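**Student:** Turn this into a structure:
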Amino acid sequence: MKARVSHGLSAVILAVCFVLVAAFSSFASVDGALSEAGESVISGWAVDAEHPDKSVPVVLCVYTDGSKEPQELVKVTADQYRTDLTNSAANGKHAFSYQVDWDKLKGQSFIIEAYAETDEGRVRLYGSFRYTKKEAAVTVVAAGSGPAGDAGPGSKGKADDTAKRGALLGIFETTAYCTCTQCCPNGTALTYSGTVPQANHTISADITKYPLGTKLMIGDVVYTVEDIGSTIVGNRLDIYFPTHEEALAYGVQSVEVYAVE
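**Tutor:** Sure, this is the predicted structure:
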């Protein structure tokens, strides 16, 4: 009897492992991003690397007027052609777009996210946008300011008094992420460099330009490059926040980024 129980338990564990591996593979193979959420169009792309000839269904969700519960706006299919996707996808037909009429939606301010639908569940695509009626979707933030005050994006602590601002590296597009299951479906709580991410410290960058450990200053806050992202290339940065709500509130911002001396 013990042998049978042991064998049965092993079979159950093995079956669970197969399910987890299959789910992980499916999540890991899906990539994409929300590219725009403007006055009339929401657009982006999604591709399943393991099935590049298959069109991925995408669900667009909105958080209205600071709500913590998203509402499903529409489901679209990523099957439109985009020339810039031919390098990473088999046929380039992995873009999506949706003509949106904001005036027909209740509320004034919206945060938009996109999720790819797989057989195992939804995978959040990179990026989120904030749109306020009658205003542009992307907020341009002057140097030294941020949603939580003059210390910089998301900062609630003191500035680093020992850091000295160096040369201006340019205007960067910055987004936000956390380690919740929506932002990190694989469930890892560690950065690419193996560290535990910290608020007002951890940032994701293109490590071919800014290697791990590089210090970058936004406002008066010094961030350290500890993470990477598939769509974080060139002058794009992803800032770590401790909660999904804070990451959503940050949205997408264009900020001045400085080297640290």
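
**Student:** excluding its backbone neighbours, what's nearest Thr195?
**Tutor:** Glu226 (5.2 Å; Cβ to Cβ, 6 or more residues apart in numbering). Where you see a C-beta, it was placed from the backbone N, CA and C, and this is true even at glycine.

**Student:** ok, that neighbour - contacts?
**Tutor:** 191-193, 195, 197, 201-204, 212-213 (Cβ atoms under 8 Å, 6 or more residues apart in numbering).

**Student:** Try it again at 7 Å.
**Tutor:** 191, 193, 195, 197, 202-203, 212 (Cβ atoms under 7 Å, 6 or more residues apart in numbering).

**Student:** Pretty sure it sits in a helix.
**Tutor:** No. Counting by DSSP: H, G, I helix; E, B strand; the rest coil, Glu226 is not part of a helix but strand.

**Student:** And the pLDDT at it?
**Tutor:** Here the pLDDT value assigned to Glu226 is 91.

**Student:** ok, so of the contacts of Glu226, who is nearest Ala33?
**Tutor:** Ile203 (17.9 Å; Cβ to Cβ).

**Student:** Show me what Ala116 is bridged to.
**Tutor:** Residues in a beta bridge with Ala116, per DSSP bridges, are Val58, Val123.

**Student:** correct me, but it touches Val123?
**Tutor:** Yes. With contact defined as Cβ atoms under 7 Å, Ala116 reaches Val123; the gap is 4.7 Å.

**Student:** Find residues that contact each of those two.
**Tutor:** In terms of Cβ under 7 Å, 6+ apart, Ala116 and Val123 are both contacted by the residues Val30.

**Student:** Strands along the stretch 101-250 of the chain, start to end?
**Tutor:** 109-118, 121-124, 129-132, 139-140, 165-177, 202-204, 215-218, 221-227, 236-240 (DSSP state E, counting those that start in this stretch).

**Student:** Just want the most central residue of this protein.
**Tutor:** Tyr126 (3.4 Å; Cα atoms, centre = their mean).

**Student:** Good, wrapping up.
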